[in-house]
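In: I need the structure of the sequence given here:
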Amino acid sequence: MVAIRRFSSDIKTKIPGNHPGVYAVPIQYPLAIKERASEEQLAQRFNGLPFFLNSQSSVVAMYIEPHGSIEEHSNATNSALFLVTRGRGFVRIGGPGGEEREIQAGDAVLWPAKIDHTVWTEEDSLDAIVIEISTEEQQGV
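Out: Residues are numbered from 1 along each chain as shown. Reported below is the predicted structural model:
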C-alpha cells in the first residue's frame, strides 16, 4: 500500500508559541504522539494525519512569511537539519552572540542539540523541511 502525506502550504497551521509568521505541516512524527489524542483529534489539528513511526525523529514542512521568526531556543534531545527549499532568510546558531548567516533555497543548516538557534526572514518568505533526529538515535551512526 502506498502512503501519501500532503504537506503543501494550503494546509499549513500556525506554530504555537512566540513564532510570528511561522506555519507548518507535520509530515512524520514519533508514534508516541499518537497515544496522546484520538486519530480524529490529530487529523483535525494537523490537517490530515502525518506518518507515525516508532522513532524519535520527526519531519515537518515549515513556511515562514516575510518578517516571520522562530523564537530563539534549543532542543535538549534532538539535532535538526533545516533544509531550505524556497526563498531566503537568516539563521543564528549559538545564542544572541552566535554566528549569523544568510540562507537561501538549496542550503542545509545543522542545528545541534542543546545549542540555541533561530531563523527569521526580512522581505522574503522562506520554506523549509525540518528533520529532527534524536541524539540517542545518532549515537549508533
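In: where does the protein have low pLDDT?
Out: 136-141 (pLDDT under 70).
In: try 90 this time
Out: Within the chain, the segments meeting pLDDT under 90 span 1, 34-36, 45, 56, 76-77, 134-141.
In: for it, what's the longest helix?
Out: helix 39-46 (DSSP state H).
In: CA atoms of that helix as PDB?
Out: The C-alpha trace of helix 39-46 is given here as PDB (Å, rounded to 0.1, in the frame of the first residue of the first chain):
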ATOM      1  CA  GLU A  39      -6.800   9.900  15.400                       C
ATOM      2  CA  GLU A  40      -9.700  12.300  14.700                       C
ATOM      3  CA  GLN A  41      -8.300  15.000  17.000                       C
ATOM      4  CA  LEU A  42      -4.800  14.600  15.500                       C
ATOM      5  CA  ALA A  43      -6.200  14.700  11.900                       C
ATOM      6  CA  GLN A  44      -8.100  17.900  12.700                       C
ATOM      7  CA  ARG A  45      -5.100  19.500  14.400                       C
ATOM      8  CA  PHE A  46      -2.600  18.600  11.600                       C
END
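In: could you list the buried residues of the helix or strand that that helix is followed by?
Out: Heading C-terminal from helix 39-46, the first helix or strand you meet, by DSSP states H and E, is strand 51-53. For strand 51-53, the neighbour count (16 or more other C-beta atoms under 10 Å) marks F52 as buried. (C-beta placed from N, C-alpha, C; glycine too.)
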